Each structure stands twice: as C-alpha cells, then as structure tokens.
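Novice: Give the three-dimensional model of this entry:
(one chain, ligands or ions: 3)
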Amino acid sequence: MANVVIIGAQWGDEGKGKVVDLYSEFADVVVRFGGGANAGHTLVVGGNKVITHLIPSGVLRGRGKRCVLGDGMVIDPQTLLEELTDLRGRGLLADDRDLVIGERAHVILPFHKEIDRLREEGKGAIGTTRRGIGPAYEAKMARRGVRIRDLFSESRLRERISHQLEDCLPRLQQLGGQLPDVDRITQQYLALGASLAPFVQDATRLLHDEIKRGQHVLFEGAQGTLLDIDHGTYPFVTSSTTLAGGACASCGIGPTAINSVIGIAKAYATRVGGGPFPTELVGDAGDALRQAGAEFGATTGRPRRCGWLDVAALRLAVRWNGLSGLALTKLDVLRGLKKLKICVGYRVSGTPGSGGSDYRDELPCDSDDLAHATPIYEELDGWDADLTGVREVEDLPPPAKRYVRRIETLLGIDCCLISVGAGRAETVMLRNPFR
Ligand code: GDP
Ligand code: IMO
Ligand code: MG
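Specialist: Residues are numbered from 1 along each chain as shown. Ligands and ions are numbered 1, 2, ... in the order given. Okay, here's the model as predicted:
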C-alpha cells in the first residue's frame, strides 16, 4: 500500500499537473482534495496541452484510473461539465465509473461569482481568480451552503438556495449586484445536478474501501502552501486548506493512511494576484524570467509575478506539510543567468526586544513583520546549457547540480524528482514515492 499526498510548496502553479500526471502511472485512484476551478493544472503529453481545473490530473492515464473530487472541494457544476465534455472529446473518462464526485462537496452558485467579481472591482481587492471560491467557502462555514447532494431534490435545493440568499443578499445589494432569481437558479442547478448524478457518491466510503484493499491513492493538492487559509500570507490567500493535512480532512481519511508527502517547488518563485512577495524581481529581470518560464496563469491568463527562489519560505512548506520529498520543477528555465540568488533567511528590523534587528530562517508571514523584512541572499553560479534533454542527475552541468544540492542542504530534504521541461519525458526521476 502507498498513499501519497502531493501539494504545492509555494504560491501555486508549481507544476502540480505535470508531477501528478507522472506519478498517476503508479496510482489506482487520484483525488483532488481542495479548492475549485481557481486551480489550473497543466498537463503536456505527446505535445498536446490539457488544463484541468476540477478533475484530477490523473485523468490522462486512461481507463480504470479513478478520478475523485473530494468532499472538501467547492464545485462549479457548469465548469465541471464543460471540462468533462472536453475530456470525453479526447477519448477520456468514457466509463462513468472513472469519475467520482463527493456528495458532500459544496456547490458554487452564480451569485458567489458575482460577489467575488464585485469585491475585486472595489477597495481591498486581493487579486482572486473570480471563480466564486471565497463566497462559496463562506457559505459553507456559515452552514448555509448548497452541497452536491442537494441538487437532486427540487424542494430541498430551493430551500437551501433561499436560506443562503438571506445571508448573501445584503452583501450583494451593498456591492451593487443584481437580485438573484431563486426559481431560475433552482431550475438551472437541478438540470446540472441531473447531468452530474451518475458520478455522485459517498467518496469517503469509496476511498476507505480502495485503501483497505491495498489500492494506491494519490491525493492532489491545489493552490500552494503560502495560499493556505490558516497559515499563508493572510489575507492574500485562498479560502481553503492547501496543506497536506487537508487531504485527510477533505476526504474523510485518517492521517494514518498517508505514507508519503511530496512538495512541489519551482526552481524560482512566482505568485499571481496580490500579496507579499519579498524575492520578487521587478523590471527587466522579472520580465525575462516570465518569458523564459511562460509564466501566465493557466486559469486567468494573468502574468505571474516572478522572483528568486525563497528557501526561507520553503522551510515553512517542509514544516507545515511534513514533507518527505521535494519535486523541483522548471530547472531548465534558469538557463542563461550568470548568477542565481537563493533567499536563505530574513532580517526583520524593529522587532521589540531584539536590539533592533532579528534574523529569521523562515519567511515571516505576518504583514507587519513582512513590511520590515529584508531577504538575505546567497549567490550561486548559473549555467548556459539546455537542460531539457537531461535524464540523470549526473548529466546536469556542475552549477545546476550545485544549485539543486544547495536547496536540499538548506531544506534538509531530498529531491525525489527534478523537472526539466513541461513534457512527461523531461524529467529526472530520483525516487518513486509509490515504490
Ligand atoms: P500547477 O497549477 O501547479 O499544475 O501549475 P500550472 O500548470 O499552473 O503552471 C506550471 C506551468 O509550467 C505549466 O505551463 C507547465 O506545463 C509548465 N511546466 C511544468 N514543469 C515544467 C518544467 O520543468 N519546465 C518547464 N519549462 N515548464 C514546466
Ligand atoms: P493552482 O492549483 C496560483 C490565488 C489567486 C489569489 C488568491 C485567492 O493552479 O496552483 P481565489 O480565487 O482562490 O479566491 O484567489 O489565490 N490562487 C492561485 N494562484 N495558482 C492557483 O491554483 C491559485 N488558486 C488561487 O491568484 O491571489
Ligand atoms: Mg496552476
């Protein structure tokens, strides 16, 4: 038995799609455990690009590989059906049994997206994906949410939507939004529910039974560690738990079932949306990295902010997720830079009782601390060679090897995989967590 959780170790877009697709070869079941269509996971196979927003990235592995949407997700039924239609057009998920939707997952309603959009157009925008994620999780926590199961009964659905609207209406009105038509939404979502019905079941029971009979389960995270609602760079975070522990909570699986946790980190750092990013490169250097790494959002198309690798931030990912290995992606992108910088810690000035300055080996996440934090960099030599053909670590140019080794030393964990291109083959496999 091997059950593995894979999470993003930075601010999202680390290459989870590619790595999950790779490891899915060894899994029987692949489960998305958090967030919703704010995620955009890119898979490049045989030169073809597929972007999944809700369906787990194991989907390209074909028949018999179960793809599960966990109960902790917030699902936009319309987006899910569009994704399903697209994948079926590619000959995937032909068998209904290969897609499972947790019956307790929450549903994104049209006014969630509207509230999200209106908030983002006003003061205090944080640069969300405008997919209605925050308002849907708010409704869930207020115990007024609509769950997937509720889509199957007209009276229940109407009652749930009305109950939620009592809460949302003042907010919508204050933001200048339209009055939602409960009847229209009820009918629309009943129809969507009918289309999704063949896939809906108790996912917790299915996962329990699969694990019990020794099947291998891969839990696919979305977003990234620093976007976690509790521990990330609050309030510039998403509205769900992005940490490895979230896999258990979302899926109703005990932590004892998890054997290994892999964190994915880019060889540099990116962030899309607002919020602190102390190692950000602005101007030409940032633009060059964005171009080299094709750093444009897979969901919204927004240019991603780019910067140096922040090991002090990654230490938080190691600690909060209990990482057993690191998958380092996009190493090929750093080609051609004379010198590379790694942030190894922070100097925080003005901390009371510290004599005016204080060293931190981890990224300070609090905005007051961050305002006074200066990254401490270590400089390493770069390399010119194209890495996309490298398959063994010994074949990396010495400066690239030193860069990887230095990251491992600073973090105290090993790389289990190094990615040198978007395709499946463009990978140096060092250790397989399923073996
Ligand atoms: P995710 O959200 O974590 O799945 O990541 P995204 O798909 O949003 O963004 C990662 C991007 O980098 C995608 O376009 C991938 O195809 C691409 N990618 C993944 N690994 C590598 C790599 O090692 N090298 C290069 N050049 N691109 C990669
Ligand atoms: P994947 O899974 C990168 C960011 C948004 C915004 C903040 C809150 O592809 O790595 P939300 O719409 O969730 O309320 O937005 O979180 N964000 C992501 N950034 N990758 C993602 O997903 C993201 N999902 C949300 O840009 O800053
Ligand atoms: Mg992404």
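
Novice: OK, contacts around the spatially closest residue to residue 232 that is not a sequence neighbour?
Specialist: The shortest distance from residue 232 to any non-neighbouring residue, by CB to CB, 6 or more residues apart in numbering, is to residue 226 (4.7 Å). Glycine gets a C-beta too; all of them are placed from N, C-alpha and C. Residue 226 makes contact with 10-11, 232-233, 237, 313, 316-317, 363, 365, according to CB atoms under 8 Å, 6 or more residues apart in numbering.

Novice: Kindly report the residues of the stretch 151-300 of the chain close to ligand 1.
Specialist: Residues of the stretch 151-300 of the chain that fall close to ligand 1, judged by CB under 6 Å from any ligand atom: 294, 298.

Novice: Quick check: the residue of the stretch 151-300 of the chain nearest ligand 3.
Specialist: Here the residue of the stretch 151-300 of the chain nearest ligand 3 is residue 298; by CB to the ion that distance is 4.4 Å.

Novice: any idea how far that residue lies from residue 79?
Specialist: Applying CB to CB, to the nearest Å, the value for residue 298 to residue 79 is 14 Å.

Novice: who touches the helix or strand bottoming out on mean pLDDT in the chain?
Specialist: Ranking every helix and strand in the chain by mean pLDDT, DSSP states H and E puts helix 367-371 at the bottom, with a mean of 84. By CB under 8 Å, 6+ apart, the list of residues contacting helix 367-371 from outside reads 233, 276, 278, 348, 351, 364.

Novice: cool, and stretch 128-141?
Specialist: Counting by CB under 8 Å, 6+ apart, residues outside stretch 128-141 touching it are 35-38, 74, 76, 79, 106-109, 111-117, 119-120, 145-146, 164, 167-168, 238-240, 273, 297, 299-300.

Novice: just checking, residue 375 touches residue 342?
Specialist: No. Using CB atoms under 8 Å, residue 375 makes no contact with residue 342, being 9.6 Å away.

Novice: shared neighbours of those two, which are they?
Specialist: 308, 310.

Novice: So these two - more neighbours on which side?
Specialist: Set side by side, residue 375 and residue 342 show more neighbours around residue 342, with 23 against 20, by other CB atoms under 10 Å.

Novice: Return the set of buried residues in stretch 133-149.
Specialist: By neighbour count on 16 or more other CB atoms under 10 Å, the buried set for stretch 133-149 is 133-140, 144-149.

Novice: err, stretch 343-352, not the other one
Specialist: 343-346, 348, 351.

Novice: Strands - which of those residues land there?
Specialist: 343-346, 348 (DSSP state E).

Novice: Quick check: of these, which lies closest to ligand 3?
Specialist: Out of these, the member with the shortest distance to ligand 3 (by CB to the ion) is residue 343, at 22.3 Å.

Novice: For that closest one, give its distance to ligand 1.
Specialist: For residue 343, the distance to ligand 1 equals 21 Å [CB to the nearest ligand atom, to the nearest Å].

Novice: Would you mind confirming that that residue makes contact with residue 314?
Specialist: No. Counting by CB under 8 Å, residue 314 is not a contact partner of residue 343; they are 9.4 Å apart.

Novice: And the pLDDT at the residue nearest to residue 396 when sequence neighbours are not counted?
Specialist: The spatially closest residue to residue 396, leaving aside those adjacent along the chain, is residue 390, at 5.6 Å (CB to CB, 6+ apart). We have a pLDDT of 98 for residue 390.

Novice: With residue 350 instead?
Specialist: 70.

Novice: And residue 358, by the same measure?
Specialist: Looking at residue 358, the pLDDT reads 89.

Novice: any weak-confidence spans in the stretch 301-435 of the chain?
Specialist: Scanning the stretch 301-435 of the chain for pLDDT under 70 picks out 351-356.

Novice: Now do the strands in it.
Specialist: Assigned by DSSP state E, counting those that start in this stretch, the stretch 301-435 of the chain shows strands spanning 305-307, 309-310, 325-329, 339-349, 357-360, 373-381, 415-419, 427-429.
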